[in-house]
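Asker: Need coordinates for the following:
(2 chains)
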There are 2 protein chains.
Amino acid sequence: MNRKDYQITAWCRRLMGEHVQKGAFCIDATMGNGNDTEYLCTLAGEEGCVLAFDIQQKALEHTRNRLEKSLDFCNYELILDSHSRMEQYAGPESADCIVFNLGYLPGGDHTVATKPAATIQALEQSLTLLKRGGLMSVCIYSGGDSGYEEKETVLKWLKGLDSRKYLVLVTQYYNRPNDPPIPAVVIKL
Amino acid sequence: MNRKDYQITAWCRRLMGEHVQKGAFCIDATMGNGNDTEYLCTLAGEEGCVLAFDIQQKALEHTRNRLEKSLDFCNYELILDSHSRMEQYAGPESADCIVFNLGYLPGGDHTVATKPAATIQALEQSLTLLKRGGLMSVCIYSGGDSGYEEKETVLKWLKGLDSRKYLVLVTQYYNRPNDPPIPAVVIKL
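Answerer: Numbers count the residues shown, from 1 in each chain, chains lettered A, B, ... in the order given. Next comes the predicted model:
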């Protein structure tokens, strides 16, 4: 294991990689540049299915191009809608894995950031949509243009989850300056 | 991956297991019941070497019995001394992995707990003893009889490590009551 394995993306991906089997049903709640969508599609394989949400048309176009190039099957559905409406698209206890990247899109337009109210609504729905044993990965980017409100709101929400029903792990890059991202994991017990 | 994989011991062991190769040199700074000593011995293999420290004679006896039963080789040295003197036994930049379990011994005598001053001294030495790329696992047990002083002291120390020289990850069981253990990891860059 080297330093790179401890970078935030690698960290979350290791967890997803260990968790998502072929045939899995996954949701990318924050499609953005399609990074995680592509990864989930690969993990779930042809017999699996991935739903990915974004409210920006260009995110869908970019991701569709990307997936058409990288996959030789189509196991995904790209949805132009808010993740706060994801329960319209998936049934209760159906999802093996749900992924959130909160805050601004790294390298993207920081003025288009997820917003606390819609985020909490989407997270609440995710708890319902997750299978027992299912995993939700929530990576929180904060600071800079997008501030700290969402981070504080989401951490408070995570802290309040019933420990008999959900295992919540929050990892911090403990000695790193400049608001490093915070990866959190929720397992439905 | 299931709930058990997220238990504190399993979590630390996964990291050690990924990190420690055959032939590695490891230190168990807090031998106790020899749990981690045995695990490190197995990982490092016959060509590796494990030093384990404890100030209680009965810890050494118990661990020796345990290792003689479970291993068909002897790649360990059990040392009756404080971990705050470990630099007397190992050279700078020599260790691939150093393991600390701080606070009381789970299931053991809570009045015999590690103490903040000696602990910080041992942690400081560990930074010197670690190879570049080496990993230090520090699991902090707190609350109950042993209080919170050591936890606060160690977390503050971790937070203060130079982020250009050390990567520090601290994971919390974020929604669990009753002072859950806190696993921390330090990688020397």
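
Asker: Measure how buried A:Asn101 is and give me the count.
Answerer: A:Asn101 is flanked by 26 other residues according to other CB atoms under 10 Å in any protein chain shown. Glycine gets a C-beta too; all of them are placed from N, C-alpha and C.

Asker: again but with A:Cys97, I slipped
Answerer: Neighbours around A:Cys97, by other CB under 10 Å: 25.

Asker: Do any residues in stretch A:28-44 lie close to chain B?
Answerer: No - applying CB under 8 Å from any CB of the partner chain, one finds stretch A:28-44 out of contact with chain B, separated by at least 12.8 Å.

Asker: what about the strands in chain A?
Answerer: For chain A, the strands defined by DSSP state E occupy A:25-28, A:49-54, A:76-80, A:95-102, A:130-140, A:166-173, A:182-188.

Asker: could you redo these as TSV and give each row mean pLDDT?
Answerer: Formatted as TSV, the strands of chain A follow (pLDDT from 0 to 100):
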stretch	mean pLDDT
strand A:25-28	98
strand A:49-54	97
strand A:76-80	98
strand A:95-102	95
strand A:130-140	95
strand A:166-173	92
strand A:182-188	93
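
Asker: Deepest-packed of the ones you listed, please.
Answerer: Scoring the strands of chain A by mean neighbour count under mean count of other CB atoms under 10 Å in any protein chain shown gives strand A:25-28 as the most buried, with a mean of 27.

Asker: hang on, the earlier thing: now for the strands of chain A, which one comes closest to B:Glu93?
Answerer: Among the strands of chain A, the nearest to B:Glu93 by CB to CB is strand A:166-173 (24.0 Å).

Asker: what pairs with the closest one, and is each one parallel or antiparallel?
Answerer: strand A:182-188 (antiparallel), strand B:166-173 (antiparallel) (DSSP bridges).

Asker: wait, which of those is closest to A:Glu38?
Answerer: Taking those one by one with CB to CB, strand A:182-188 is closest: 18.9 Å.

Asker: Tell me which residues are up against the closest one.
Answerer: A:8, A:11-12, A:15, A:127, A:130-140, A:142, A:151, A:154-155, A:158, A:161, A:165-173, B:3, B:6, B:174 (CB atoms under 8 Å, 6 or more residues apart in numbering or on different chains).

Asker: quick check, distance from it to the centre of its chain.
Answerer: 10 Å (CA atoms, centre = their mean, to the nearest Å).

Asker: between it and strand A:130-140, how big is the angle?
Answerer: 170 degrees (axes from the mean of the first three to the mean of the last three CA atoms, to 10 degrees).

Asker: pull the CA atoms of strand A:182-188 into PDB?
Answerer: Extracted in PDB, the C-alpha atoms of strand A:182-188 (Å, rounded to 0.1, in the frame of the first residue of the first chain):
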ATOM      1  CA  ILE A 182     -14.100  13.900   4.400                       C
ATOM      2  CA  PRO A 183     -15.100  10.300   3.400                       C
ATOM      3  CA  ALA A 184     -18.000   8.800   5.200                       C
ATOM      4  CA  VAL A 185     -19.600   5.400   5.000                       C
ATOM      5  CA  VAL A 186     -23.000   4.200   6.100                       C
ATOM      6  CA  ILE A 187     -23.800   0.500   6.200                       C
ATOM      7  CA  LYS A 188     -27.500  -0.500   6.700                       C
END
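
Asker: Chain A against chain B: which residues are in contact?
Answerer: A:1-3, A:5-6, A:15, A:18-19, A:133, A:135, A:155, A:158-163, A:166-177, A:184-185, A:187, A:189.

Asker: I'd like the strands paired with strand A:166-173 laid out as a markdown table, including distance to A:Asn101.
Answerer: Formatted as a markdown table, the strands paired with strand A:166-173 follow (distance: least, CB to CB, whole Å):
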| stretch | distance to A:Asn101 |
| --- | --- |
| strand A:182-188 | 10 |
| strand B:166-173 | 19 |
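
Asker: Quick one, which of the ones you listed gets closest to A:Ile120.
Answerer: Nearest of the strands paired with strand A:166-173 (CB to CB): strand A:182-188, 13.3 Å.

Asker: Local confidence estimate at A:Leu181?
Answerer: One thing to correct before we go on: residue A:181 is Pro, not Leu. On the pLDDT scale, A:Pro181 is placed at 89.

Asker: Span of stretch A:171-180 from start to end?
Answerer: With CA to CA, to the nearest Å applied, stretch A:171-180 spans 11 Å between its terminal residues.

Asker: in it, what's buried?
Answerer: A:Thr171, A:Gln172, A:Tyr173, A:Tyr174, A:Asn175, A:Arg176, A:Asp179, A:Pro180 (16 or more other CB atoms under 10 Å in any protein chain shown).

Asker: any chance of those in a markdown table, with distance to A:Leu67 too?
Answerer: Converted to a markdown table, those look like this (distance: CB to CB, whole Å):
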| residue | distance to A:Leu67 |
| --- | --- |
| A:Thr171 | 29 |
| A:Gln172 | 33 |
| A:Tyr173 | 30 |
| A:Tyr174 | 36 |
| A:Asn175 | 38 |
| A:Arg176 | 33 |
| A:Asp179 | 31 |
| A:Pro180 | 29 |
